[in-house]
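Peer 1: Got a predicted model here, sequence first, then my questions.
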Amino acid sequence: MSMWLTLTKIEPSLVEEVLERREPLVRSSTGDTFACDYRILDAVAEGRAEVEMGAADWTTVYPWLARSVGHGSSAVNEHGPGDASGFVLTLDEVRRVAEGLITEGWASRNAAAWAVSSKDRGLEDLGPFFAAAAVEEKAVVGAVN
């Protein structure tokens with residue numbers, strides 16, 4: 001069973017509404033959405049943290065990667081395992097995450113890389129997604145389910 005991370009760029013003016021409605025996803029075009037298997041992201045981050053830092057807790061080794069997937073973000077809803085757990089990143093948080101992903105080595109490509117139309121997205125597209133959101137001055141709403 002996989003767990004999917006889905007991130008969607010939204011207008012910053014919608015952040016309060018999303019938090020009030022407590023719904024994690026806003027329907028948008030595929031160009032505004034990033035999705036990947038969260039368990040793969042978790043395994044890659046854990047392996048890299050262990051090799052690079054000798055630590056298995058990647059969320060402390062890579063705090064910006066952790067933030068990009070909802071750790072420490074404003075919760076939209078909190079359910080048990082298997083249910084959607086949503087979060088919101090404000091425009092300011094998106095900007096900091098985009099810069100942090102570069103610092104941590106998770107963003108080898110820039111915002112222009114995200115603009116290229118592709119149906120096949122992978123972990124390497126997480127950094128460009130946040131860079132594009134920052135350039136476009138968008139907030140991000142996400143969920144892991």
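Peer 2: Ah, there it is.

Peer 1: Any stretches of the protein with poor pLDDT?
Peer 2: 1-2, 22-31, 74-85, 108-121 (pLDDT under 70).

Peer 1: at 90 instead, please
Peer 2: When residues are selected by pLDDT under 90, those of the chain lie in 1-3, 13-33, 35-36, 55-56, 71-86, 105-125, 128, 143-145.

Peer 1: Would you map the helices across it?
Peer 2: All helices of the chain, identified by DSSP state H, fall at 15-21, 38-53, 58-61, 63-68, 91-103, 111-115, 126-135.

Peer 1: Dump those to TSV, plus distance to residue 9 and mean neighbour count.
Peer 2: Heads up, the C-betas are built off the backbone N, CA and C, glycines and all. As requested, the helices of the chain are exported to TSV (distance: least, Cβ to Cβ, whole Å; neighbours: other Cβ atoms under 10 Å):
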stretch	distance to residue 9	mean neighbour count
helix 15-21	12	15
helix 38-53	19	15
helix 58-61	23	18
helix 63-68	13	22
helix 91-103	8	19
helix 111-115	10	17
helix 126-135	5	24
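
Peer 1: nearest to residue 141, of the ones you listed?
Peer 2: Minimum separation from residue 141 across the helices of the chain (Cβ to Cβ) falls at helix 15-21, 5.5 Å.

Peer 1: Count the neighbours of residue 137 for me.
Peer 2: Neighbour count of residue 137, defined by other Cβ atoms under 10 Å: 12.

Peer 1: ok, back up a step: using CSV, lay out the helices of the chain together with distance to residue 5.
Peer 2: Formatted as CSV, the helices of the chain follow (distance: least, Cβ to Cβ, whole Å):
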stretch, distance to residue 5
helix 15-21, 17
helix 38-53, 4
helix 58-61, 14
helix 63-68, 9
helix 91-103, 14
helix 111-115, 16
helix 126-135, 9
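
Peer 1: Can you check which of these gets nearest to residue 145?
Peer 2: Checking the helices of the chain against residue 145 by Cβ to Cβ gives helix 38-53 as the closest, at 8.8 Å.

Peer 1: Kindly calculate the angle that that closest one makes with helix 126-135.
Peer 2: If you take axes from the mean of the first three to the mean of the last three Cα atoms, to 10 degrees, helix 38-53 sits at 100 degrees to helix 126-135.
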